[in-house]
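Novice: could you work out the structure for the sequence below:
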Amino acid sequence: MKILVINSGSSSIKYKLFDMEDMKSLASGLIENIGKKTSSFHHKDPLSGSDIERDLPVTGHKQGFTLMMDTLLETGAITDISSLSAMGHRVVHGGKRFKAPVLVDKEVMETIRKLIPLAPLHNPANLTGIEAAMKLAPDTPQVAVFDTAFHQTMPKEAFLYALPRHLYDKFHVRRYGFHGTSHSYVSRIAASFLNIHTGHINCISLHLGNGASATAIKNGNSIDTSMGLTPLEGLIMGTRSGDIDPAIIFYLARVAGLDIREIDHVLNFESGLLGICGENDMRAITQKAKKGDPLAELAIDMFCHRLKKYIGAYTAILQRVDCLIFTGGIGENSQLIRLKTCSGLEHMGILIDPEKNSKPLPEITAINKTDSPVKILVAPTDEELEIARQTRQVLMGRH
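Specialist: Numbering: from 1, shown residues only. Predicted structure coming up:
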């Protein structure tokens, strides 16, 4: 069984082909700057070790999908389109309608379209990718896998805001959460690593990258998460503010004369790590901090302080925590962030081993001291593999 995973952005197509018999990647690629004068195309074949890189005009997603398919055929990754069992599509927002991945039909497409106001930057691009795939491969099953679906197990006390009820009933204002595919994947492999049944694991998952979120997982289900109606809420991120006093918005409108669009841009694109120290890449910030840059040091301190607060809060609601999971680009690669985040949490049973933490960690690894009640895991995420796995489950009728 071969499944092609698609992540379609507004001007990009990211893809990965899996052989589901052994869960191995057969090929992957990225098409960027679609619709611009010069687009870039990078295709990688891990079996042969060959890379294809081209700069060429790609006028739209339909042409991008044709380029992707032609390359998969030319390199022998697939023999023909009919050899694909399905295509699995990442869709950012499923609202409260989608609690699991679904086979795409007209009704599903229309529902995703109606959810565009909740994810105006992402859902239109996701839809464009599904439409292009359906035209190119009309006989191939298309499956939508939603970033928000994993969090649909949250109880009302976690997903509702303390706002007038009609705002939820009429406008669907509530916490949805994101990065669900990643949190689902790493909690599942953590359970396997610790020899705990997936339905019994209690853990705190930290997906840390340019976008960052924390999730409390009880008995394998998400019961709370840091991102909210949108990905703006929660942890400090690359350019997003995370949690702030909502009254700051009104204050900026009165005192700074900013309109609602300008404030939206400030909070989403000019804040977070970038707003604190002028950099949004944790690698660059870490290098500056090592050289004594006070703003870089402050950015790291603030980032880790916010993480500690969420770890403490989620420990309180979980009561029993089997493990703390670091994943995402920062979580997997920043020894400093892991160390600073865990330091001072010994009273909560979180005891990091600095020596284990300092080693390269290409696969899931425990970095806690042997007597640590809470295991500390670094778990490389694989959202594409999780989408492929969930797509296969839909084909087998398990969702």
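
Novice: over to residue 322: give its phi and psi.
Specialist: Dihedral pair for residue 322: phi -80, psi -40, per degrees, to the nearest 10.

Novice: what is the neighbour count of the residue lying closest to it once chain neighbours are set aside?
Specialist: The shortest distance from residue 322 to any non-neighbouring residue, by Cβ to Cβ, 6 or more residues apart in numbering, is to residue 202 (5.1 Å). Backbone N, C-alpha and C define where each C-beta goes, glycine included. The number of residues packed around residue 202, counting by other Cβ atoms under 10 Å, is 21.

Novice: pretty sure residue 202 contacts residue 314?
Specialist: No - contact criterion Cβ atoms under 8 Å: residue 202 and residue 314 do not qualify, at 9.7 Å.

Novice: if I look at these two, which residues touch both of them?
Specialist: Common contacts of residue 202 and residue 314, defined by Cβ atoms under 8 Å, 6 or more residues apart in numbering, comprise residue 321.

Novice: so for the longest helix along the chain, mean pLDDT?
Specialist: Longest helix in the chain by number of residues (criterion: DSSP state H): helix 294-318. Mean pLDDT, helix 294-318: 98.

Novice: what's the first helix or strand after it?
Specialist: Next along the chain after helix 294-318, taking DSSP states H and E as the criterion, comes strand 323-327.

Novice: which ones are touching residue 97?
Specialist: Residues near residue 97 by Cβ under 8 Å, 6+ apart: 111, 115.

Novice: surely residue 36 meets residue 10?
Specialist: No - shown here, residue 36 and residue 10 do not form a contact pair, counting by Cβ under 8 Å, at 11.6 Å.

Novice: tell me where the chain has strands.
Specialist: For the chain, strands defined by DSSP state E occupy the ranges 2-8, 13-19, 24-32, 39-45, 50-56, 84-91, 102-103, 142-146, 203-208, 212-218, 221-225, 323-327, 365-366, 375-378.

Novice: how is the chain divided into domains?
Specialist: 2-146, 197-383 (automatic domain parsing).

Novice: now for those domains, which one comes closest to residue 394?
Specialist: Nearest to residue 394 among the domains of the chain is domain 2-146 (4.9 Å), distances taken as Cβ to Cβ.

Novice: quick check: end-to-end length of that closest one?
Specialist: End-to-end span of domain 2-146 (Cα to Cα, to the nearest Å): 20 Å.

Novice: pLDDT on that domain, on average?
Specialist: What domain 2-146 shows for mean pLDDT is 91.

Novice: ok, now stretch 228-238?
Specialist: Per-residue pLDDT over stretch 228-238 has a mean of 95.

Novice: got it, and stretch 202-217?
Specialist: For stretch 202-217, the per-residue pLDDT averages 97.

Novice: in it, what counts as buried?
Specialist: Buried residues in stretch 202-217, counting neighbours by 16 or more other Cβ atoms under 10 Å, are found at 202-217.

Novice: same question, stretch 7-19
Specialist: Buried, per 16+ other Cβ under 10 Å, within stretch 7-19: 7, 8, 9, 11, 12, 13, 14, 15, 16, 17, 18.

Novice: report the angle between the longest helix of the chain and strand 212-218.
Specialist: Computed by axes from the mean of the first three to the mean of the last three Cα atoms, to 10 degrees, the angle separating helix 294-318 from strand 212-218 equals 20 degrees.

Novice: for residue 199, which non-adjacent residue is spatially closest?
Specialist: Closest residue in space to residue 199, ignoring its immediate chain neighbours: residue 220 at 4.6 Å, by Cβ to Cβ, 6+ apart.

Novice: the helices in the stretch 151-300 of the chain, which residues?
Specialist: Here the stretch 151-300 of the chain has its helices, by DSSP state H, counting those that start in this stretch, at 156-159, 165-171, 180-193, 247-251, 260-269, 272-277, 282-290, 294-318.

Novice: contacts made by the fifth one with the rest, please.
Specialist: Helix 260-269 is contacted by residues 232, 239, 240, 241, 244, 249, 252, 253, 258 when judged by Cβ under 8 Å, 6+ apart.

Novice: try the third one
Specialist: Contacts made with helix 180-193 from outside it, assessed by Cβ under 8 Å, 6+ apart, are listed as 90, 145-151, 197-198, 200-201, 203, 205, 207, 213, 215, 217, 220, 222, 225, 322-323, 325, 327-328, 364, 366, 377, 379, 381-383, 385-387, 390.

Novice: which of those are buried?
Specialist: Buried residues within the contacts of helix 180-193, counting neighbours by 16+ other Cβ under 10 Å: 90, 145-151, 201, 203, 205, 207, 213, 215, 217, 220, 222, 225, 322-323, 325, 327-328, 364, 366, 377, 379, 381-383, 385-387, 390.

Novice: sorry, back to before: can you add distance to residue 165 and give the domains of the chain back as TSV?
Specialist: Below are the domains of the chain laid out as TSV (distance: least, Cβ to Cβ, whole Å):
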stretch	distance to residue 165
domain 2-146	15
domain 197-383	15
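
Novice: circling back: farthest pair in the buried residues of stretch 202-217?
Specialist: Greatest spatial distance among those (Cβ to Cβ): 202 and 210, at 28.0 Å.
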